[in-house]
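Novice: what's the 3D shape of this:
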Amino acid sequence: MAVIEQRMSLEVFLELPEKKPALEYENGMVTQKVPPQGKHSRLQYTVAERFNRFAEPKQLGMAFPELRTTFAGVSRVPDVAVYGWDRIPWAADGRIGDEFREPPDIAVEIISPGQRPNALVRRCLWYVAHGVKVALLVDPYDETVLLFRPGQVPVHLQGTDLIDLSDVLTGFSITAEEIFGTLRRRLEGRD
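Specialist: Residues are numbered from 1 along each chain as shown. Next up, the predicted model:
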């Protein structure tokens, strides 16, 4: 993440025009996210799509890639934010609102080249300390997932290990292998 040498209030930050990669705000400092590359982009799509394919038809929740979330005095853009259906800010006309001012139920961060994994671990710990029920740190380089929950030790998952999120999205689980399998080219006639 690049630090932008500018101190400002959260209110002033939220008035800035959006940029790509996204700007984030914490403790008066503005930083810019690392631009996503191939593995990151594919995993971000896969994770959001799997959540949405399961949860949206049942009106359990919805996953949003690169959604600005502002809560607890911080404005961050998780790689994927999942909100329970009843926690999505719906406008009076039934459409999704633009401002998400509550913590997501699930926050997903995916390691990109140039990112420091320890900084993302701290981010996931911050999420669960400030109202996020589950944070996932997805590492495409060693194909592991760290699962964070409030007040618990992070759990390391890989291969056929089940990532059980049914306490947040009733009935939803996925394996690490299902997530990372989408990074591999499939040959015609083979799995």
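Novice: where exactly do the helices run in this protein?
Specialist: 10-15, 38-55, 117-129, 176-180 (DSSP state H).
Novice: right, and those - which one's nearest residue 25?
Specialist: Closest approach to residue 25 among the helices of the chain (C-beta to C-beta): helix 10-15, 4.3 Å. All C-beta spots, glycine's among them, are computed from the backbone N, C-alpha and C.
Novice: helices or strands up against the closest one?
Specialist: Other helices and strands packing on helix 10-15, by 3 or more C-beta pairs under 8 Å, 6 or more residues apart in numbering; DSSP states H and E, are strand 23-26, strand 74-76.
Novice: what's in contact with stretch 28-48?
Specialist: Stretch 28-48 is contacted by residues 1-4, 6-9, 13, 16, 19-25, 63-66, 77, 79-80, 108, 110-115, 136, 138, 140-141, 179-180, 182-183 when judged by C-beta atoms under 8 Å, 6 or more residues apart in numbering.
Novice: in the protein, which spans are strands?
Specialist: 2-7, 23-26, 29-32, 61-65, 69-71, 74-76, 80-84, 106-110, 134-139, 144-148, 155-158, 162-164, 173-175 (DSSP state E).
Novice: now the last one: average pLDDT?
Specialist: Along strand 173-175, the predicted confidence averages to a pLDDT of 97.
Novice: low pLDDT regions in this structure?
Specialist: 1-5, 187-191 (pLDDT under 70).
Novice: 50 instead, please
Specialist: Scanning the chain for pLDDT under 50 picks out nothing.
Novice: which residues sit in contact with residue 81?
Specialist: Residue 81 touches 63, 64, 67, 69, 100, 104, 106, 107, 108, counting by C-beta under 8 Å, 6+ apart.
Novice: for ChimeraX, what selects the buried ones among those?
Specialist: In ChimeraX, this line selects whichever of these come out buried by 16 or more other C-beta atoms under 10 Å:
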select :63,64,67,69,100,104,106,107,108
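Novice: which of the contacts of residue 81 sits closest to residue 119?
Specialist: Using C-beta to C-beta, the contacts of residue 81 come closest to residue 119 at residue 107, 14.5 Å.
Novice: tell me which two of the contacts of residue 81 sit farthest apart.
Specialist: 100 and 108 (14.8 Å).
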